[in-house]
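Participant: Model the following, please.
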Amino acid sequence: MITIEDVDGILEIKLLDEIVASKLESIREKTDPLDFSHHSHYLINLEGVSFFDSSGLGYLVILIKRIKSAHGTVVLSAPTPLVLKFLRMIKIDKYVSIFGSREEALSKLRTTV
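Facilitator: Modelled structure (predicted):
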């Protein structure tokens, strides 16, 4: 469902499987306790996500807002074509950069001061 790892000072939140209402409780158990002031750069890795429902998309928006309110920089990486379509539908790309791969996203974050 979710893994969280520090990658050279960048906190990577890797979401997996379907991000739907029935699975959000277990995801929130891992993200709600996070103190987003401990890192300045965040990568939300979507390469393992096959689908978002409206609750899952709402959760993603809330997660991004929490990071940004703690003055963090956040990017998304590696969404599948279907997930990318959903993200563009809700116009999330106007608020956060989306990169085609994890490596591209990490590279961008490493050059961001």
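Participant: Go ahead and list the helix or strand containing the closest residue to residue 31 other than its chain neighbours.
Facilitator: Distance criterion Cβ to Cβ, 6 or more residues apart in numbering; nearest residue to residue 31, sequence neighbours excluded, is residue 63 at 6.3 Å. For glycine as for every other residue, the C-beta is placed from the backbone atoms N, C-alpha and C. Using DSSP states H and E, residue 63 sits within helix 54-69.
Participant: for that helix, what is the average pLDDT?
Facilitator: Mean pLDDT, helix 54-69: 96.
Participant: same thing with stretch 78-89?
Facilitator: The predicted model gives stretch 78-89 an average pLDDT of 95.
Participant: Helices of the protein, residue ranges please.
Facilitator: Taking DSSP state H to define them, one finds helices in the chain at 24-31, 54-69, 81-89, 102-111.
Participant: As TSV, these with distance to residue 6 and mean neighbour count would be great.
Facilitator: Shown next, in TSV, are the helices of the chain (distance: least, Cβ to Cβ, whole Å; neighbours: other Cβ atoms under 10 Å):
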stretch	distance to residue 6	mean neighbour count
helix 24-31	14	14
helix 54-69	15	17
helix 81-89	24	14
helix 102-111	12	16
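Participant: dump the residue contacts of residue 26.
Facilitator: Residue 26 makes contact with 1-2, according to Cβ atoms under 8 Å, 6 or more residues apart in numbering.
Participant: just to revisit the earlier point, residue 18 versus the residue nearest to residue 31, what's the distance?
Facilitator: Residue 63 sits 16 Å away from residue 18, taking Cβ to Cβ, to the nearest Å as the criterion.
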